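S.K.: predicted structure and sequence below. I'll ask about it afterward.
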Amino acid sequence: MELWHCFDQRRFRDALPLLAEDFEAHWPNTRERIRGPENFIALNESYPGNWRCTVQRIDECVDAVVTVTEISDGVTSFVAVSFLEVRCGRIVGAEEYFAENGPPPFDRSEFAERY
């Protein structure tokens, strides 16, 4: 997906044409709403660190795309699940969930294996 490709290469401004003028992102984990493509791009540009984005899965529907992306700076990594609403070839909305990679909260090895 072109959005993640631009973000991976830190070419955030190149992603602006992919976003509709009325673009809005929702991040339920932190209860934040980002209104407008300029704010979304500026927020990502200003995020500290040199993060790489590796798309692991893309599911496309008529007017939506769901991506699962690992984001890492080489020390810390997390997974972003993005539900993207698309209209006329541009992203108009994003609802994104971020989860840190890490150990389970208790020993579940009897029931699950780590990968």
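M.R.: Perfect, I can see it now.
S.K.: mind listing the strands for the chain?
M.R.: Ranges of strands in the chain, per DSSP state E, are 19-27, 32-35, 52-60, 64-72, 77-87, 90-100.
S.K.: could you dump the ones you listed into a markdown table with mean pLDDT and distance to Arg108 added?
M.R.: Any C-beta I mention is one placed from the backbone N, CA and C, and that applies to glycine too. As requested, the strands of the chain are exported to a markdown table (pLDDT from 0 to 100; distance: least, C-beta to C-beta, whole Å):
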| stretch | mean pLDDT | distance to Arg108 |
| --- | --- | --- |
| strand 19-27 | 98 | 28 |
| strand 32-35 | 98 | 31 |
| strand 52-60 | 98 | 22 |
| strand 64-72 | 97 | 22 |
| strand 77-87 | 97 | 19 |
| strand 90-100 | 97 | 16 |
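S.K.: have a look at the chain and report its longest helix.
M.R.: helix 37-46 (DSSP state H).
S.K.: just want the most central residue of the chain.
M.R.: The chain has Ala80 as the residue nearest its centroid, 4.7 Å off, counting by C-alpha atoms, centre = their mean.
S.K.: one step back: and the angle from the longest helix of the chain to strand 19-27?
M.R.: 60 degrees (axes from the mean of the first three to the mean of the last three C-alpha atoms, to 10 degrees).
S.K.: contacts for helix 37-46?
M.R.: With C-beta atoms under 8 Å, 6 or more residues apart in numbering as the test, helix 37-46 has contacts from 7, 12-13, 15-16, 19-21, 23, 25, 34, 94.
S.K.: how about stretch 89-98 as CSV, C-alpha atoms only?
M.R.: The C-alpha trace of stretch 89-98 is given here as CSV (Å, rounded to 0.1, in the frame of the first residue of the first chain):
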residue,chain,number,x,y,z
GLY,A,89,-9.4,6.5,-4.9
ARG,A,90,-8.4,8.6,-1.8
ILE,A,91,-8.4,7.8,1.9
VAL,A,92,-11.1,9.7,3.7
GLY,A,93,-10.9,8.0,7.1
ALA,A,94,-8.6,5.9,9.2
GLU,A,95,-9.3,4.0,12.4
GLU,A,96,-6.0,2.6,13.7
TYR,A,97,-5.2,0.4,16.7
PHE,A,98,-1.6,0.1,18.0
